[in-house]
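S.K.: No sequence on hand, only this structure:
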């Protein structure tokens, strides 16, 4: 029943990947992402947060459009970026969505050029996104989704200022924050950049 509400190609990709039963987090968060609502989701380790983000982003974007990014996903480090990239690759094999990992070890100029020549989803750290933005390597004018994974770890004082800078540069976008625990910094971010938002807590 869950997959019948998703894009047909995505639903088939999930079936092919052996994804049968969603976790409680995925069951509750993906429809909210699909609705376009801003969302703060708090859930423990192992609840399927990364896959929920991947499914939600694919469902919203569906296919390649124009050249500029429509989703930025902020992750904590290189390893997290690679894990998320692999999940996107698995589910978009029969789609034309262009997903770029800005943490793949290439030179910054090369990453900027790859994004410039066509991208739908870009995964990276807040620091990397700010580096790219500073060198005119990120066009945020058509961004539809701004996602922060592991926000309780990512939103440290220095990094939070980098995330704030990016958020202030986005004309209008769906903001999605996933975390293991709610923190004061997450609450402040939500108050600043999510005028109306859902808070979903999974135990």
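M.R.: Thanks, I have the structure now. Quick caveat: nothing in here was measured; it's all calculated off a predicted structure.

S.K.: Next, count neighbours for the closest residue to residue 95 other than its chain neighbours.
M.R.: Once flanking residues are discounted, residue 95 sits nearest to residue 9: 5.9 Å by CB to CB, 6 or more residues apart in numbering. Glycine gets a C-beta too; all of them are placed from N, C-alpha and C. Residue 9 has 16 neighbours, counted by other CB atoms under 10 Å.

S.K.: Can you check my assumption that residue 9 lies in a strand?
M.R.: No - using DSSP: H, G, I helix; E, B strand; the rest coil, the assignment for residue 9 is helix, not a strand.

S.K.: ok, it touching residue 96?
M.R.: No - if you go by CB atoms under 8 Å, residue 9 and residue 96 don't touch, sitting 10.2 Å apart.

S.K.: Quick one: list the elements packing against the helix or strand bottoming out on mean pLDDT in the chain.
M.R.: Least confident element among the helices and strands of the chain, by mean pLDDT, DSSP states H and E: helix 157-169 (a mean of 82). Identification of packing neighbours for helix 157-169 by 3 or more CB pairs under 8 Å, 6 or more residues apart in numbering; DSSP states H and E yields strand 71-74, helix 126-134, strand 145-148, helix 184-193.

S.K.: Looking at these, which one is packed in the most?
M.R.: Stretch with highest mean neighbour count among these: strand 71-74 (a mean of 27; mean count of other CB atoms under 10 Å).

S.K.: ok, back up a step: how about CSV for the helices and strands packed on helix 157-169, with distance to residue 156 and mean pLDDT added?
M.R.: Putting the helices and strands packed on helix 157-169 into CSV (distance: least, CB to CB, whole Å; pLDDT from 0 to 100) gives the following:
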stretch, distance to residue 156, mean pLDDT
strand 71-74, 12, 97
helix 126-134, 10, 92
strand 145-148, 12, 96
helix 184-193, 8, 92
